[in-house]
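S.K.: sequence isn't available, so here's the structure alone:
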């Protein structure tokens, strides 16, 4: 397993998609800050509804840069390329099990997306400070960022599961893009049928967590929901991915 992990991280360092996706996130962040700067220049009163500080930029970094979409696409590309090039079959022929291959991939993808997340929020904070000011240190700042991280990992786990299930770049990316909208539609219809205003199923759908955790104030209920539901989604997607990785023909 140790040698397999070394191989995965070696491939990760050489994979251009990681650097391209990270660069796209940085570019989107700069463009967002530039547009905010221009709006504030034209309308100084926009400070009332626009966030303009390093802290605000950090809080909004994931949502404003489509981070989860980009990270999910990276996860799909990293997994599916080995299936399309028969690399997985060659690794298994050398004595490794499917379970070892699955968890080596999961660890490498999780680590790479974690690095992307840290780089994204740090870059946003630094650039937001350069463009505006440091900003206030909100009391729940670290709790919110922790919840955002778990939500990101839940979406990454979804992409990882779809990649192991479908094993082709095109259809895996398409499924990853479409699934959140379809799930949201189904759960919204279920809410209409159940007519229970106290508990809405659609509020527990993982793709909405990031949006709810981006703009202040973030109340305790939203934080709790993200902290509890995100790990459950991660476990469910990884469990389903492991099941299909053992049952599907290579």
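M.R.: In hand now; what should we look at? Here the structure is a predicted model, which is why all the values come from computation and not from measurement.

S.K.: following the chain onward from the longest helix anywhere in the chain, which element is next?
M.R.: Secondary structure of the chain per DSSP state H: the longest helix is helix 98-131. With elements assigned by DSSP states H and E, the helix or strand that comes after helix 98-131 is helix 141-166.

S.K.: just checking, what packs against that next one?
M.R.: helix 54-64, helix 67-84, helix 98-131, helix 169-194, helix 209-212, helix 220-247 (3 or more C-beta pairs under 8 Å, 6 or more residues apart in numbering; DSSP states H and E). (C-beta placed from N, C-alpha, C; glycine too.)

S.K.: got the buried residues for the second one?
M.R.: Read it as helix 67-84. For helix 67-84, a neighbour-count test (16 or more other C-beta atoms under 10 Å) marks 67-83 as buried.

S.K.: distance between the following helix or strand past that helix and the chain's centre?
M.R.: As assigned by DSSP H and E, the chain's next helix or strand after helix 67-84 is helix 87-93. Helix 87-93 has its average C-alpha position 28 Å from the chain's average C-alpha position, going by C-alpha atoms, centre = their mean, to the nearest Å.

S.K.: just to revisit the earlier point, any idea which of the helices and strands packed on helix 141-166 gets closest to residue 159?
M.R.: Closest of the helices and strands packed on helix 141-166 to residue 159 is helix 67-84, at 3.6 Å (criterion: C-beta to C-beta).

S.K.: what number of residues lie near residue 145?
M.R.: 16 (other C-beta atoms under 10 Å).

S.K.: contacting residues for the closest residue to it other than its chain neighbours?
M.R.: Excluding its sequence neighbours, the residue lying closest to residue 145 (C-beta to C-beta, 6 or more residues apart in numbering) is residue 121, at 6.7 Å. Applying C-beta atoms under 8 Å, 6 or more residues apart in numbering to residue 121 gives the contacts 58, 61-62, 145.

S.K.: thanks a lot, catch you later.
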